[in-house]
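Visitor: Next comes the sequence, and after it the predicted model I'd like to discuss.
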Amino acid sequence: MLTSATTLVERRTVLTTEYGTHPYEAAWASEALFFVRTEGPHPALTIQPQVSPDGVDWLDRGAPVTLPADRDLVDVDMVRFGTWVRLLLTGATPQEPATVLVRLELKG
Amino acid sequence: MKETLAMALMVHERGLEKFRPLEKVLVHDDFDRGFNGWLDLTPNFVRPGFQSQPSQLDLGSWGPSMISAAPMRFAAGHGSMEGNYSLKLATRPTAREYEQPPAEGAMSTVIKRLSKLDDDHRYIQLEAWYSYTPEQDRWGTGEEDIRAFGLWFDVQDETHRWQPGIRYVNSVNGTKVKRWQYFQVADGVTREQWTGSPEGWEAPGIDAIWCGQRYADGSADGFQWVPDGEQKLVYNESPDKLNWLYMRLLVDLDRREYVEFQSMGRTFDLRGTATTPAPPYDGITGLINPVFFIETDTDRRVFMYLDSVVYSTGREPQA
């Protein structure tokens, strides 16, 4: 049986600019599935999975995913990552903010 | 003699040599196989739209915990004290002045939700091997960027809710303090002073780590200094060097009093020291939840690593 775990790396975080989610250590896992959920109106968001050698400096990993303004839930999966994972979310502005919950499911 | 040997064997087989448990070990969690049921402490999302009770602080914003191999920026991964993984509490990089209420995300907390079993619960004890460090995102030792950490029990018996606990005040606005406190509310603190709001739902004594006024010397409405409680814990010389430390808190449930607190080789006698009982809350009679926390002193993530935790109960204060 695999070990699995669920966490919310962001809980109703209000975005007004480009935002990297909480750096999360997932070395024990081989699969990661993020769910990005919005509450209320929001602009289209571009969601880029990223990896890091230290939780400080980040590199894009894989293709970005778009959450259109008329949807409130999207998933973003990652495999073959190192220790640190996060999502970089862009598209929110002070004029068009977004409130997001970012859920991370890990399995390995 | 025979019984002593048998007990020693059992202790060895269960990996408890480095703990001092009471007679009944309810929790012995090593985090090499996952979270073991520890989770982030969150508010109650029971209001319309799944909103939580009003509060001065966003209690849903604390940094999420994770299973960590303690990888470092320049050092190799530390693994844990015994094994690969520990449970890591991680704040967000945000803080206010010490005297202000904690910034959203300035803390990280983990809790295990349990309940009282039977009369074995006269004494409860929480033990942990742990370490602490800031993120290595800038030069310097970083020791002064860790504000405080500690542990407590959230308890509700038939008539009261109360939270006995211990806090290490490491640094206040960049000045190292290095003293232990215990959870106890100063006389005369009102609910409004405690929560900062007339609508506050937390009674004085409940959730001291974010409630109550804090003062420039590191004192606070929710805490009292442990007598002779100065102690310089190992921090080491760089944010990417961990040393594993031990702490243990023993509490008397019948008397709602502290018994003793041990940190490394020092044991602080707290017999007869009162806690702060509050009126009972709905729906949680028989609750006993152990909790750990850490708080940052500056705009920098800080981490607490738990290699392993033991929660035990007994009819006597020793096994």
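Guide: Right, received. Where do you want to start?

Visitor: When you work out contacts or count neighbours from here on, use the C-alpha atoms and nothing else.
Guide: Fine.

Visitor: helix/strand/coil for B:Leu249?
Guide: Secondary structure, DSSP: H, G, I helix; E, B strand; the rest coil: B:Leu249 is strand.

Visitor: so what's it up against?
Guide: Taking Cα atoms under 8 Å, 6 or more residues apart in numbering or on different chains, we find B:Leu249 in contact with B:125-127, B:165-166, B:259-262.

Visitor: Can you pull out the low-pLDDT segments for chain B?
Guide: B:1-14 (pLDDT under 70).

Visitor: about what we covered before: report the two members of the contacts of B:Leu249 separated by the largest distance.
Guide: Within the contacts of B:Leu249, two members stand farthest from each other by Cα to Cα: B:Glu127 and B:Val259, at 13.9 Å.

Visitor: Neighbours of the residue of the stretch 1-150 of chain B at minimum distance from chain A, how many?
Guide: Relative to chain A, the nearest point of the stretch 1-150 of chain B is B:Arg73 (5.2 Å; Cα to the nearest Cα). Neighbour count of B:Arg73, defined by other Cα atoms under 10 Å in any protein chain shown: 16.

Visitor: Repeat that for B:Gln51.
Guide: Here the number of neighbours of B:Gln51 (other Cα under 10 Å) works out to 11.

Visitor: May I see the buried residues of stretch B:58-75?
Guide: By 16 or more other Cα atoms under 10 Å in any protein chain shown, the buried positions in stretch B:58-75 come out as B:58-73.

Visitor: again, but for stretch A:37-57
Guide: For stretch A:37-57, using 16+ other Cα under 10 Å, the buried residues are A:37-38, A:42-52, A:54-55.

Visitor: swap in stretch B:262-269?
Guide: By 16+ other Cα under 10 Å, the buried positions in stretch B:262-269 come out as B:263, B:268.

Visitor: Hmm, A:Pro97 is touching A:Leu15, no?
Guide: Yes - using Cα atoms under 8 Å, A:Pro97 is in contact with A:Leu15, at 5.5 Å.

Visitor: Give me the contacts around the biggest strand by length in chain A.
Guide: Longest strand of chain A, by residue count under DSSP state E: strand A:4-15. Residues outside strand A:4-15 that contact it (Cα under 8 Å, 6+ apart): A:21-22, A:24, A:39, A:92-93, A:97-108, B:34-35, B:60-61, B:63-64.

Visitor: which non-adjacent residue is nearest B:Arg256?
Guide: Distances taken as Cα to Cα, 6 or more residues apart in numbering or on different chains place B:Thr275 nearest to B:Arg256, at 6.3 Å, with adjacent residues excluded.

Visitor: Also B:Val110?
Guide: Once flanking residues are discounted, B:Val110 sits nearest to B:Asp40: 4.6 Å by Cα to Cα, 6+ apart.

Visitor: Could you verify my assumption that the one you found touches B:Ser61?
Guide: No - using Cα under 8 Å, B:Asp40 is not in contact with B:Ser61; the gap is 10.0 Å.

Visitor: For chain A, which segments count as strands?
Guide: Using DSSP E, the strands of chain A run over A:4-15, A:19-20, A:24-25, A:31-39, A:45-52, A:59-60, A:65-67, A:73-79, A:84-90, A:98-107.

Visitor: got a list of what the closest residue to A:Glu18 other than its chain neighbours touches?
Guide: Distances taken as Cα to Cα, 6+ apart put A:Thr90 closest to A:Glu18, at 4.5 Å, once the chain neighbours are dropped. Contact analysis of A:Thr90 by Cα under 8 Å, 6+ apart lists A:17-19, A:45-47.

Visitor: so A:Thr90 bridges to which residues?
Guide: A:Thr46 (DSSP bridges).

Visitor: Let me know the pLDDT of it.
Guide: A:Thr90 is assigned 98 on the pLDDT scale.

Visitor: cool, the one 3 residues further on as well?
Guide: According to the prediction, A:Thr93 has pLDDT 98.

Visitor: wait, what's in contact with it?
Guide: Counting by Cα under 8 Å, 6+ apart, A:Thr93 touches A:15-17.
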